[in-house]
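>>> Any chance you could fold what I've pasted below:
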Amino acid sequence: MDAVEAEGNSIDEAIENALQMLGVPRDRAEIEILSNAARGLFGIGGRKARVRAALRAPLDTESLLRPVPPPTPPEPVRPPPAPTTSPPAEENAPERAAAVLREILKRIGVVATVTVRHEEDQDLLELTGDTSGVLIGRRGQMLDALEYFLNRAVARDSTEGRIVVDSQNYRARRRQSLEELARRTGEQAKKKRKAIALNPMSPRDRRIVHMILQGDPSLSTKSSGKGYFRKLIIIPAGEPRPDRERAAAPVELDEQR
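Residues are numbered from 1 along each chain as shown. The predicted structure follows:
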């Protein structure tokens, strides 16, 4: 199916339901909000949020990188140049990704500079400019979508997963917030002896929380749900397995941190 309509108790829940029906991550779908959720009087007459999701047409990266050559006069015949060794595709991947990203920014009307930085095991594409903040999105979803696309479309041959897209040092700030949340929620779970579920997160965010808590023998973590965004449940040692998910209560991450 190319488009579906879904309902939920909130806009986010309706979007998640629609994405699960399509079987695609958030960056692969166009979302249209049909109606917001509303509470009825004394629980009567309320309505759920409703959205329409349609598959997004794939972006042709080859056309983005292919400039239209201007007309040139014919050149005199010259001997062919001596053969040279081309650099490996892995070395070209960050620059090709930066070229695609610049073209995407140009087409969506965002003025930002793309800078390539090489770090230990990854290549960082850093966005700077007055409007670069709009590219972060809610909980970094826009950055994640751009990063996922570039790794799949440009670096899939040799450097998949090594290209990181960042803006205004968001990645470091998000990591710090998640680390604080993981430690704080882990202590709550141990104190209450009750499993606690964090709000749905991307695989990157879930991995950060898991890495922080994996050294604590009195805690364990597990993902719950389907799709790209899933809940992460923090479980204290000794809790009976059947009660884990039923007792889990979602915890909201403070986005201002």
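
>>> Show me what the longest helix along the chain is packed up against.
Longest helix in the chain, counting residues (DSSP state H): helix 170-192. Helices and strands touching helix 170-192, by 3 or more CB pairs under 8 Å, 6 or more residues apart in numbering; DSSP states H and E, are strand 196-201, helix 203-213, strand 219-224, strand 230-236. Backbone N, C-alpha and C define where each C-beta goes, glycine included.

>>> in it, what counts as buried?
By 16 or more other CB atoms under 10 Å, the buried positions in helix 170-192 come out as 170-171, 174, 177-178, 181-182, 185-186, 189.

>>> so how far is it off the chain centroid?
Between the centre of helix 170-192 and the centre of its chain there are 19 Å (CA atoms, centre = their mean, to the nearest Å).

>>> Output it as PDB, restricted to C-alpha atoms.
Below are the C-alpha coordinates for helix 170-192, written out as PDB (Å, rounded to 0.1, in the frame of the first residue of the first chain):
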ATOM      1  CA  TYR A 170      23.300  18.600  19.200                       C
ATOM      2  CA  ARG A 171      24.800  15.000  19.300                       C
ATOM      3  CA  ALA A 172      26.900  15.800  22.300                       C
ATOM      4  CA  ARG A 173      24.100  17.600  24.100                       C
ATOM      5  CA  ARG A 174      21.600  14.700  23.400                       C
ATOM      6  CA  ARG A 175      24.100  12.100  24.600                       C
ATOM      7  CA  GLN A 176      24.600  14.000  27.900                       C
ATOM      8  CA  SER A 177      20.900  14.300  28.400                       C
ATOM      9  CA  LEU A 178      20.400  10.500  27.800                       C
ATOM     10  CA  GLU A 179      23.300   9.600  30.100                       C
ATOM     11  CA  GLU A 180      21.800  11.600  32.900                       C
ATOM     12  CA  LEU A 181      18.300  10.200  32.200                       C
ATOM     13  CA  ALA A 182      19.700   6.600  32.200                       C
ATOM     14  CA  ARG A 183      21.400   7.000  35.500                       C
ATOM     15  CA  ARG A 184      18.500   8.800  37.100                       C
ATOM     16  CA  THR A 185      15.900   6.300  35.900                       C
ATOM     17  CA  GLY A 186      18.100   3.400  36.800                       C
ATOM     18  CA  GLU A 187      18.300   4.600  40.400                       C
ATOM     19  CA  GLN A 188      14.500   5.000  40.400                       C
ATOM     20  CA  ALA A 189      14.000   1.500  39.100                       C
ATOM     21  CA  LYS A 190      16.300   0.000  41.800                       C
ATOM     22  CA  LYS A 191      14.700   2.100  44.600                       C
ATOM     23  CA  LYS A 192      11.100   1.200  43.600                       C
END
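
>>> tell me the average confidence for that helix?
For helix 170-192, mean pLDDT rounds to 93.

>>> just stretch 6-15 next, same as before
87.

>>> Also stretch 195-214?
What stretch 195-214 shows for mean pLDDT is 91.

>>> Can you give me the end-to-end span of it?
15 Å (CA to CA, to the nearest Å).

>>> if I pick residue 52, what's in contact with it?
By CB atoms under 8 Å, 6 or more residues apart in numbering, the contact set of residue 52 is 3-5, 18, 31-32, 34.

>>> do that again at 6 Å, thanks
5, 32, 34 (CB atoms under 6 Å, 6 or more residues apart in numbering).

>>> want to try a markdown table for the residues you listed, with secondary structure and distance to residue 97 as columns?
Shown next, in a markdown table, are the contacts of residue 52 (DSSP: H, G, I helix; E, B strand; the rest coil; distance: CB to CB, whole Å):
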| residue | secondary structure | distance to residue 97 |
| --- | --- | --- |
| 5 | strand | 35 |
| 32 | strand | 30 |
| 34 | strand | 36 |
